[in-house]
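Peer 1: Below are the sequence and a predicted model; questions follow.
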Amino acid sequence: MDKKRSLTWRVQMAGPLENVVAVVTGASSGIGEATAMTLADLGARVALLARRRDRLEALSAKLGTDRALAIEADVTDPGSVNEAVAAVVAATGRIDVLVNNAGTGVTGPIEGGDVAQWKAMVDVNLLGVLHCTQAALPHLLQAAEGPRGVADVVTISSVAGRMAGPPYGVYAATKHAVGAFSEALRKEVAGRRVRVGLVEPGMVQTELTTDTPRTDFEWLRPTDVADAVSYLVTRPRGVAVHELLVRPTQQL
């Protein structure tokens, strides 16, 4: 394909997300990659944000560079996020859906814990969500006034956002904070037709969990979480799903 046409969107078969532009953070692997692929399959045009450009470009090539836009961005850096959002709008003219997926997690006790690791989790899991949401929000509010009549912010939280305990104390704290932020944002923008939802997975097979001790039951796959995201953003415009908790069948 002519590289000059790399930002031109290919005509898609009609799907529930036809003419929708979705931004997915942490799109280079795991849940983010699966979510981007699922939304694209439903007709969305997807902007892929992450730090690993090589992975983003590989995913963009898989989806078709004329239907996916790869943008290197660091969610912990407000300037990087603002530039990425501006690039998406310049290429597509709009943002209808934001999926805050970028995240990190480190386990360990609070006593004697590594403060640098705690700060990294806060920077990505909480501040990253704030940076991306604030940057995208004006465009989401504008999109909600368009033909679709609604826009969506979906944040990937965790079952840890509902419960806390060792060795996930600080990680759980970041996810509880994301829940509080999402509820406050929901109340702020509900009257302007921007839906705000949380997807809260249990144990998922991703890069972040490769060192987590295995259990004797089957874990969720990234595609399972992606399906939950797609459920939220494909509801009729008058229906908002605010929280969706998804666990493996045998997880307590």
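Peer 2: Right, received. Where do you want to start? Numbering: from 1, shown residues only.

Peer 1: what's near enough to touch L49?
Peer 2: Shown in contact with L49 (C-beta atoms under 8 Å, 6 or more residues apart in numbering): 23-27, 56, 71-73, 75, 84, 102, 132. Where C-beta positions appear, they are placed from N, C-alpha and C, glycine not excepted.

Peer 1: Save those residues as a markdown table, and put in secondary structure, distance to T92 and neighbour count too.
Peer 2: Output for the contacts of L49, formatted as a markdown table (DSSP: H, G, I helix; E, B strand; the rest coil; distance: C-beta to C-beta, whole Å; neighbours: other C-beta atoms under 10 Å):
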| residue | secondary structure | distance to T92 | neighbour count |
| --- | --- | --- | --- |
| V23 | strand | 9 | 30 |
| V24 | strand | 13 | 34 |
| T25 | strand | 16 | 30 |
| G26 | coil | 20 | 26 |
| A27 | coil | 15 | 31 |
| L56 | helix | 16 | 26 |
| I71 | strand | 11 | 22 |
| E72 | strand | 17 | 18 |
| A73 | coil | 15 | 28 |
| V75 | coil | 19 | 27 |
| A84 | helix | 12 | 25 |
| A102 | coil | 20 | 25 |
| C132 | helix | 16 | 27 |
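
Peer 1: From these, pick the one nearest L220.
Peer 2: Comparing the contacts of L49 against L220 with C-beta to C-beta places G26 closest, at 16.3 Å.

Peer 1: How much space separates the closest one from M203?
Peer 2: With distances taken as C-beta to C-beta, to the nearest Å, G26 is found 18 Å from M203.

Peer 1: for the chain, what's the longest helix?
Peer 2: If you go by DSSP state H, the chain has its longest helix at helix 169-189.

Peer 1: Tell me the neighbouring strands of the helix or strand that that helix is followed by, and mark each as parallel or antiparallel.
Peer 2: Following helix 169-189 in sequence order, the next helix or strand is strand 194-201 (DSSP states H and E). Using DSSP bridges, the strands paired with strand 194-201 are strand 151-156 (parallel), strand 243-246 (parallel).

Peer 1: returning to what we had before: for the longest helix of the chain, which positions count as buried?
Peer 2: Across helix 169-189, burial judged by 16 or more other C-beta atoms under 10 Å covers 169-179, 181-182, 185-186, 189.

Peer 1: Give the buried residues for stretch 66-80.
Peer 2: For stretch 66-80, a neighbour-count test (16+ other C-beta under 10 Å) marks 66-78, 80 as buried.

Peer 1: Figure out the length between the terminal residues of it.
Peer 2: 23 Å (C-alpha to C-alpha, to the nearest Å).

Peer 1: Residue ranges in the stretch 101-250 of the chain under the pLDDT threshold?
Peer 2: Along the stretch 101-250 of the chain, the model assigns pLDDT under 70 to residues 207-215.

Peer 1: Could you list everything the closest residue to R162 other than its chain neighbours pairs with in the sheet?
Peer 2: Excluding the flanking residues, the one nearest R162 by C-beta to C-beta, 6 or more residues apart in numbering is E200, at 6.5 Å. As for beta bridges, E200 partners with L245 under DSSP bridges.

Peer 1: And E200, how close does it get to T65?
Peer 2: 33 Å.
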